[in-house]
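**Q** Structure here, sequence nowhere to be found:
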């Protein structure tokens with residue numbers, strides 16, 4: 001089971017980095033946000049497991065359903081990393 005979980009983690013980690021980049025670029029391109037709001041949402045990258053889903057579901061970017069679900073990928077990857085670090089998978 002460990003190789004399957006490790007593979008899922010690797011794929012989700014790469015997808016998580018892509019989602020962080022997509023989130024940041026989307027925030028920077030939104031002209032309806034004030035400069036202050038853009039800076040605040042951009043600073044949210046530091047809390048990416050919370051800020052990306054919050055932005056996707058409540059921030060009003062109008063993302064399609066696929067990207068809203070994909071906004072959870074960084075949090076899942078972080079959860080798998082924590083599982084590896086704590087030795088939950090063997």
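**A** It's in. Worth saying up front: this structure is predicted, and the values here are computed from it rather than measured.
**Q** what number of residues lie near residue 85?
**A** 8 (other C-beta atoms under 10 Å). Heads up, the C-betas are built off the backbone N, CA and C, glycines and all.
**Q** That one and residue 78, how far apart?
**A** 10 Å (C-beta to C-beta, to the nearest Å).
**Q** quick one: common contacting residues for the two?
**A** Both residue 85 and residue 78 lack any common contact, where contact means C-beta atoms under 8 Å, 6 or more residues apart in numbering.
**Q** Taking the centroid of the protein, which residue is nearest it?
**A** residue 74 (3.9 Å; C-alpha atoms, centre = their mean).
**Q** excluding its backbone neighbours, what's nearest it?
**A** residue 16 (3.6 Å; C-beta to C-beta, 6 or more residues apart in numbering).
**Q** ok, and for the helix or strand where that neighbour lies, which residues are buried?
**A** In this assignment (DSSP states H and E), residue 16 forms part of helix 2-29. Residues 9, 12, 13, 16, 19, 20, 22, 23, 24, 26, 27 are the ones in helix 2-29 that count as buried (16 or more other C-beta atoms under 10 Å).
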